[in-house]
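**Student:** I would like the atomic coordinates for the input below:
(chains A and B)
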Amino acid sequence: MADRKNFSRYNMRCGVLLHAKEGGVKITNIDAPELDPRFMLLTGSDMPGDNTLTLFSNTRPIITDSIISYPRQAVAALFAPDYESALLMADEIKIETEPLEEEPQQSLPYPLEYMWGDFNPEEDEEAGKYRKVETEFTLGHKAQPERRLYTVTAWIDGASLHIEAPTEWIELVRSTVQKVTGYPKRNIIIHTIPYISKNGEFLIDPAALAAIAATSALRTGLPSEIREETMNAHPGIVVKRETWIDEEGKPVSEKATMTVNQGAFLVIPEEYQRQAMAGLIPPYSLKSFHGSVAIETSNEYPAAFTTSFGFSEALAATEYHISRLAEKTELTPYLFRDSIEKDKRKFTDYLPSFDLADQKRTAEAVAIKSSYNRKWVANTFQHKSFGFLGYIKGIGFASGTGIAGFSTTFSKSSGFAGAITYTQKHSVVVSTSADNHPGTMKRWKKNISDRLAPGNPDKVTFTPIFNNETIDTGPDVLSRIVASFSSQLENASKKLAVLKDEEQLPVSIRFDAENTSFPCEFESSGCGAVALEVMIRQCDMKPVVTAIWASFSFPAILDETSLKNSLKRTLMTTVHEFGGVIEDDFSLYLEISASGSGTLSSPQELARGLAIGALADALMQAGGKTAASMPVSSTKIEEIFHE
Amino acid sequence: MKIDCTIDGKTLTLSLNSNKPLSLILRENIGIDNINHCTGKMCGLCTVLLDGKAVLSCLVPAFELNGKEVITFDSFQRTRAMKDIEKAYEMVGAFPCTDCYSSRTMIFESLVNEGITDKAEILKQLSLVRCHCMVPDDEVEIVHKAIDLRRKRNVRRSQFS
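**Tutor:** Down below sits the predicted model:
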């Protein structure tokens, strides 16, 4: 791949986006002053080719030319000799809008339903024996700039169009630029620049910016750079659950409905439904269950990946609900979980059956370390002494099983493939689109060299293939492909170790997701438990998180320090994201263990789900109805205490 | 206005708007892309050392740079001093996230330079970075370890010289 051309910034065009202030309106006029030739204004109608960004089957305009669907949508791009001039001129441009007469309809996927058993306690003759427990769990739609700037640059060098961008999805950038500019794909060269993506910010947006910068570079003939602020948006979620419990408090039948507001444009909604369903299915046995996940749109910023793709939020809702069931039995949530969860989890289409011993062990470790039962009882008694003590405490608990990234259905449809070749020079070449974290690649190299080139990992090289529409990289959390890839590589290396001595070199083995058969949509990828203590101060009504205790068990641990850091970070940032305040006296206890063989995948997703669930539970104990809507704030807490 | 300053060891004379923030000077005039510019919203991801003290570069106007020395993470990461901080991270087993790694490291360096060991003061200075990726106790321990390491290195150096 060619190096970045060392061009002077004096010959560069610097671009900024003009954003819409509100959604659900129509552009009537863009009033721009007369621009001298150093400036260039690009609107939706100026884009030479197809002005859309396609994400699997969903499309959205790159620069809207008529309907503004959500606030901060790109309405125009302005290029100038420098950013200061661009920003000053952008202030002069007025965008006139009018309300939409009719909202445009998007085709929504059918709600995903999953059920077993036909036991209906409402119709049953013995209906009087059962009590119904209803809960509602709400996470509000959130979109906010992350206050981080990034730039995308495009320039032409001979017949090639070069794009430099921080991107997690190289193929998406290339195909979008090709569609918008009509430039042949083979002549579009992508240079990735290092990026920090906590919430998949660089999955989709850089592709749209690259198309705009490329259009400017082609029209002006000058290198063009565009600068934008990253956005973090997570969808709005409402989970309603009805559970019928028997006289002993054991659940017998359950109905769960999840509604997801993904904002103005959908992001792989079918996969979102599958992941959410995996989190929605409870770990305890039931005579009947009915779950449904519906996706809807709104005039809000499109929500993308936020460490999770639906599973964490659904898991948090399930854990929150279990704690509410526990309240009916007068047992602490930990003891209630222990009493209703059997030794093995039920086999479903979404998660296989597996032993729950590890999960119970992590839950016990957390309960002991945090003195959970004692604190739970003390907090329950203390609730009435708010005015006297000046604070009120709550302790939350959540335990559950994680999943490994993408679903089987999605993995198969993404066309992922790889090949491993033993060459005549006795070196190993792995051709794959599963470009991954350098640490993982190092581990893979070591594993392959142990079998095929002992003590010589340098003889193993990874060659990327970009000719098919694959998920080249993607966020770490969606690493189902990587999870299965490790075992596929291992098997292929074993076979190749035999074939290299029997066959004429070079020998090659090809493998893809189709070759492996997964009985369920997801594999289990570790389990864990989290307890979290919250203190609401009377002076400012702030929910201060004083301590977190967590224990996790994973199939394998590659690097203990990195994994611990990653989990600590996920727990703390999640708590902060949903309104918890972390102060200087905050403490965090974390233990991790390896349970055997297997591949570690998506540990952050599990940690995030448990942290949200435990925070919601702790706030419920401290503040009563607070957890009904998250993120929490001191205003919300104050309102609840005044009710 | 013309400003004489030293950035990453290079003595420069820059012709700039007097109120242009240092973060934008570093991004646009010097070409250091990994410095963030949040227009003064206090994200903390633009921390640099100004005469050895950690500051938010988005809050430093150009006219304040005259005659000062700026060190960014780009040049700092190649120094011996960085090794002390890295070693302290390893010893404590806690690392900042990739997002705030450079900024937090610069603040740690500033604290080590000044030899601050008081917990409250350490946490106060580290609160320049808004990212919640490190446990407060770990942060304090990192500073203490780094100060120890720096002291030992300085003693060794003075013995040899």
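
**Student:** What is the neighbour count of B:Glu141?
**Tutor:** Neighbourhood size, B:Glu141 [other C-beta atoms under 10 Å in any protein chain shown]: 17. Glycine gets a C-beta too; all of them are placed from N, C-alpha and C.

**Student:** could you measure it against chain A, distance?
**Tutor:** Per C-beta to the nearest C-beta, to the nearest Å, B:Glu141 is found 13 Å from chain A.

**Student:** Apart from its chain neighbours, what residue comes closest to that residue?
**Tutor:** B:Val92 (4.9 Å; C-beta to C-beta, 6 or more residues apart in numbering or on different chains).

**Student:** what's near enough to touch that neighbour?
**Tutor:** By C-beta atoms under 8 Å, 6 or more residues apart in numbering or on different chains, the residues touching B:Val92 are B:Asp138, B:Glu141, B:Ile142, B:Lys145.

**Student:** OK, contacts around B:Leu59?
**Tutor:** Applying C-beta under 8 Å, 6+ apart, the residues near B:Leu59 are B:Pro21, B:Gly40.

**Student:** what pLDDT does it get?
**Tutor:** B:Leu59 carries a pLDDT value of 91.

**Student:** So chain A: which segments form each domain?
**Tutor:** A:9-103+A:150-229, A:326-405+A:521-642, A:408-515 (automatic domain parsing).

**Student:** Any part of the longest one near chain B?
**Tutor:** Yes - taking C-beta under 8 Å from any C-beta of the partner chain as the criterion, domain A:326-405+A:521-642 and chain B are in contact, through A:561-562, A:564-565, A:568-569, A:572-573, A:575-576, A:582, A:584-588.

**Student:** tell me the centre residue of chain B?
**Tutor:** B:Met106 (2.3 Å; C-alpha atoms, centre = their mean).

**Student:** In three-state terms, label A:Ala419 for me.
**Tutor:** Here A:Ala419 is recorded as strand under DSSP: H, G, I helix; E, B strand; the rest coil.

**Student:** Give me the pLDDT for the most centrally placed residue in chain A.
**Tutor:** The centre of chain A sits closest to A:Ser308, judged by C-alpha atoms, centre = their mean, with a distance of 2.7 Å. In this model, A:Ser308 is scored at 77, pLDDT.

**Student:** just the one 3 residues further on next, same as before
**Tutor:** What the model reports for A:Phe311 is a pLDDT of 91.

**Student:** Counting neighbours, what do you get for it?
**Tutor:** Applying other C-beta under 10 Å, we find 28 residues neighbouring A:Phe311.

**Student:** Name the surrounding residues that touch the helix ranked longest in chain B.
**Tutor:** Counting residues, the longest helix in chain B under DSSP state H turns out to be helix B:136-160. Contact partners of helix B:136-160, identified using C-beta under 8 Å, 6+ apart, comprise A:584-587, B:80-81, B:84-85, B:87-89, B:91-92, B:94, B:108, B:111-112, B:115-117, B:119, B:122-123, B:126.

**Student:** what helix or strand does B:Phe95 sit in?
**Tutor:** Using DSSP states H and E, B:Phe95 sits in no helix or strand.

**Student:** Check A:Glu201 and give its pLDDT.
**Tutor:** pLDDT, A:Glu201: 79.

**Student:** Ok, A:Thr64 next?
**Tutor:** A:Thr64 carries a pLDDT score of 91 in this model.

**Student:** before we move on, what SS does it have?
**Tutor:** Per three-state DSSP, A:Thr64 ends up coil.

**Student:** how close does it sit to A:Thr97?
**Tutor:** The gap separating A:Thr64 from A:Thr97 is 11 Å, by C-beta to C-beta, to the nearest Å.

**Student:** list the residues that contact both of these two?
**Tutor:** The contact sets of A:Thr64 and A:Thr97 overlap at A:Ala20, A:Ile27 (C-beta under 8 Å, 6+ apart).

**Student:** How much space separates A:Asp46 from A:Phe39?
**Tutor:** To A:Phe39, A:Asp46 is 13 Å away according to C-beta to C-beta.

**Student:** circling back: when you compare pLDDT across the residues of domain A:326-405+A:521-642 next to chain B, which one is lowest?
**Tutor:** Among the residues of domain A:326-405+A:521-642 next to chain B, A:Ser562 carries the lowest pLDDT, at 83.

**Student:** That one: neighbour count?
**Tutor:** Counted with other C-beta under 10 Å, residues neighbouring A:Ser562 total 14.

**Student:** Would you double-check that it falls in a strand?
**Tutor:** No - A:Ser562 is assigned helix when assessed by three-state DSSP, not a strand.

**Student:** Looks like A:Asn199 contacts A:Met231 (just checking).
**Tutor:** No - with contacts counted by C-beta atoms under 8 Å, A:Asn199 stays clear of A:Met231, the gap being 9.2 Å.

**Student:** So between those two, which is more surrounded?
**Tutor:** A:Asn199 (22 against 18).

**Student:** now the stretch 101-250 of chain A, which segments are flagged as low pLDDT?
**Tutor:** The stretch 101-250 of chain A contains residues with pLDDT under 70 at A:124-127.

**Student:** how about residue 108, phi and psi?
**Tutor:** With no chain named, the answer covers chain A. Here is the backbone geometry of A:Leu108 (degrees, to the nearest 10): phi -100, psi 150.

**Student:** that's the wrong chain, I wanted chain B
**Tutor:** Dihedral angles (degrees, to the nearest 10) for B:Phe108: phi -60, psi -40.

**Student:** Identify the residue spatially nearest to it, adjacent ones excluded.
**Tutor:** In space, B:Phe108 is closest to B:Ile85, 5.2 Å off (C-beta to C-beta, 6+ apart).

**Student:** Sounds good, over and out.
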